[in-house]
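Colleague: after the sequence you'll find the predicted model.
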Amino acid sequence: MTQVPAIYRILPEVILTLTGVAIMLIDASLPAHWRRRNLGWIAAVGTTLALWASIWQLSLPEGTAFFATVETSVFTVFFHVLICAIVLVALLLSLDSLPEANPHQGEFYALVLFGAVGMCLLTSAIELLLVFIALEISSISTYILAGFRKQTGRGPEAAIKYFLLGSFATAFFLYGIALIFGATGTTQIYEIAHLAPTAQNHSLVVAALALMLVGILFKVSAAPLHIWTPDVYEGAPLPVVALLSTAPKAAAFALLLRVVYEIFPSLHALWAPLLWIVAVLSMTVGNFAALRQQNVKRMLAYSSIAHAGYLLAAFAAIGSVGIAAASFYTAAYAAMNVGIFAVVAVVSGYGDELPLISDFRGLIYRSPLLGSLLIFFLVSLTGIPFTGGFFGKFYAFSAAVDGGAIALAIIGLLNSGLAAGYYLRFALVAAKRPEAGDVKAEPPKPRVGIAVGAALAFAVIATLLLGIVPNAVLHAAQSGAHTLQAPPLTQVDPPAVPLQSPQ
């Protein structure tokens, strides 16, 4: 067995950290009157290198490092690539969205990169204390980013709400770690997986599962732990919302997959019905609330709650089927959601000058490109065929049926029909011709810069590929699902096997 340097196991995180530190040092050394926009390009280059490093990790043998606290597997690479891609698109979007006169651009880009470090580490950590540290790294960065628009009242309000509620949720998760340590005497995930079923105090194991689920379900904004989502989305800048609605959720769902399928598979009879109920609540509450919204960001916030419910439907399946379906849906949702927020960011502007759905009236006539893209992403979120949203829901509901949750799949389909109401309403508003003499319907024509154009192109291509040729991503998700299992207790590091997907 060839010994792999431990640093290779966390190479993407190292690259992101060094890039963030470099941006902070450069920012501090520049004169106050110099523009900081080029720091965003440095952040984008660093994220691209981290994305390449994540893909390169497929050539490494599967294994752990740093005293079995992190691992490299197809599962971790899948989510590393997804998170780095989301962060890259969010950075490109912010390059054309942040005001050039903003003196804190360097801090913004550094915070995005440091948040990405926590998210990536969260997907590869196999030691619960490291999971907690990664969760805090990600959370602290996003708390600050949520309140980046300090000059508005809603910015600090969003940050305070997110911080206070997020701190409580993290405390629940930490308390769950303490209980599982008390029951098994370890915080190493693979060891817990072997020791938890035979723990003497079974009630501690059950309580640990419940508390950890509270912390994770908050991060994915699943009902009834979704209260923070609309306010935070409304108060945060749109590039931050594009990031918040996708990357942290992808990392949290990866953690949720580890918790239920890797740490507590023996408690499937307990967590499966609980997630069933949470999925139904998220779908129903999110869709009914979104129907009543006139603010675009709040509507999309409730939409994200509903999509968390669709994704949780995949957890009804047992084993690799549910893992693969949930992983694929996470990728599909990220592509179309970051795309629609990119369109809204270009149209509304950094200061949310056009916050209402009615403000988008006639968008396709003012900007045929942006209007068409808005309708395209709305169609994908609805789940119409030949888009990533269709196959995401198809695989999630198919997994629910395979797991025997036929009623859950039916409820999900009904909720998808309900969601079509507000998605298509938004699309019709954008396609409706402005009335003569309607001054509000004639705002300035949006300008698509090079950076945001590249971000939109990435989102469109990803959504189309996931809708037309989804097999490659689905195969990667299935390969990752097969690696998400605990090795024998006597074996510290898994054997050296290629990470490439089996033929």
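Modeller: Received the coordinates, thanks.

Colleague: pull out the buried residues from stretch 4-18.
Modeller: 4, 8-13, 15-17 (16 or more other Cβ atoms under 10 Å). Every C-beta, even on glycine, is put in place using the N, C-alpha and C of the backbone.

Colleague: lowest-confidence entry in the residues you listed?
Modeller: pLDDT across the buried residues of stretch 4-18 is lowest for Val4, at 85.

Colleague: ramachandran coordinates for that residue?
Modeller: With angles defined as degrees, to the nearest 10, Val4 sits at phi -100, psi 130.

Colleague: kindly report the same for the one 5 residues further on.
Modeller: Summarising the backbone geometry of Arg9 under the convention degrees, to the nearest 10, its torsions are phi -70, psi -20.

Colleague: my guess is it meets Thr72, correct?
Modeller: Yes. Using Cβ atoms under 8 Å, Arg9 is in contact with Thr72, at 5.0 Å.

Colleague: shared neighbours, these two?
Modeller: Here Arg9 and Thr72 have 57, 60, 63-65, 124 as joint contacts, going by Cβ atoms under 8 Å, 6 or more residues apart in numbering.

Colleague: who wins for neighbours among those?
Modeller: Among the shared contacts of Arg9 and Thr72, Ser124 has the most neighbours (other Cβ atoms under 10 Å), with 28 neighbours.

Colleague: what strand or helix carries the residue nearest to it when sequence neighbours are not counted?
Modeller: In this structure, Ser124 finds its nearest non-sequential neighbour in Thr76, 4.2 Å apart by Cβ to Cβ, 6 or more residues apart in numbering. Assigned by DSSP states H and E, Thr76 belongs to helix 74-97.

Colleague: first-to-last residue distance for stretch 230-244?
Modeller: Terminal residues of stretch 230-244 lie 12 Å apart, using Cα to Cα, to the nearest Å.

Colleague: before we move on, back to that, among the buried residues of stretch 4-18, which lie within strands?
Modeller: Per DSSP state E, strands hold no members of these.

Colleague: may I see those residues organised as TSV, with distance to Ser97 added?
Modeller: Converted to TSV, the buried residues of stretch 4-18 look like this (distance: Cβ to Cβ, whole Å):
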residue	distance to Ser97
Val4	40
Tyr8	35
Arg9	34
Ile10	31
Leu11	30
Pro12	25
Glu13	26
Ile15	24
Leu16	21
Thr17	25
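
Colleague: the nearest residue to Leu195 once chain neighbours are set aside: neighbour count?
Modeller: Nearest-residue entry for Leu195: Thr184, 4.2 Å, with adjacent residues in sequence omitted and distances by Cβ to Cβ, 6+ apart. Thr184 has 23 neighbouring residues, counting by other Cβ under 10 Å.

Colleague: helices of the stretch 151-300 of the chain, residue ranges please.
Modeller: 154-184, 189-195, 202-219, 228-235, 238-244, 247-257, 268-291, 296-313 (DSSP state H, counting those that start in this stretch).

Colleague: just the ones you listed: most buried one?
Modeller: Of all the helices of the stretch 151-300 of the chain, helix 238-244 carries the top mean neighbour count, a mean of 28, counting by mean count of other Cβ atoms under 10 Å.

Colleague: where does the stretch 401-503 of the chain have low pLDDT?
Modeller: By pLDDT under 70, the low-scoring segments of the stretch 401-503 of the chain are 435-444, 485-503.

Colleague: need the helices for it, in chain order.
Modeller: Under DSSP H, counting those that start in this stretch, the stretch 401-503 of the chain gives helices at 406-431, 450-468, 471-483.

Colleague: mind listing what's buried in the shortest one?
Modeller: Of all the residues in helix 471-483, those buried under the rule 16+ other Cβ under 10 Å are 473-474, 476-483.

Colleague: now, among those residues, which is nearest to Ser94?
Modeller: Using Cβ to Cβ, Val473 is the member of the buried residues of helix 471-483 that sits closest to Ser94, with 25.9 Å.

Colleague: wait, that closest one touches Ala334, no?
Modeller: No. Val473 lies out of contact with Ala334 (Cβ under 8 Å); the separation is 11.2 Å.

Colleague: next one: Phe66 from Phe75, what distance?
Modeller: Distance, Phe66 to Phe75, by Cβ to Cβ, to the nearest Å: 18 Å.

Colleague: who has more neighbours, these two?
Modeller: Phe75 (28 against 14).

Colleague: residue contacts, the closest residue to that one other than its chain neighbours?
Modeller: Taking Cβ to Cβ, 6+ apart, and ignoring the residues beside it in sequence, Phe75 has Gly480 as its nearest neighbour in space, at 3.7 Å. Taking Cβ under 8 Å, 6+ apart, we find Gly480 in contact with 73-78, 323-324, 327.

Colleague: give me the pLDDT for Gln3.
Modeller: 80.

Colleague: and the gap between it and Leu130?
Modeller: 22 Å.

Colleague: same check, this time on Ala454
Modeller: 34 Å.

Colleague: you'd agree Gly235 is up against Gly155?
Modeller: Yes. Counting by Cβ under 8 Å, Gly155 is a contact partner of Gly235 at 5.2 Å.

Colleague: joint contacts of these two?
Modeller: Both Gly235 and Gly155 are contacted by 146-147, 149, under the criterion Cβ under 8 Å, 6+ apart.

Colleague: of those, which is the most crowded?
Modeller: Neighbour counts for the shared contacts of Gly235 and Gly155 (other Cβ under 10 Å) peak at Ala146, which has 28 neighbours.

Colleague: contact partners for that one?
Modeller: Ala146 makes contact with 155, 158-159, 162, 232, 235-236, 240, 244 under the criterion Cβ under 8 Å, 6+ apart.
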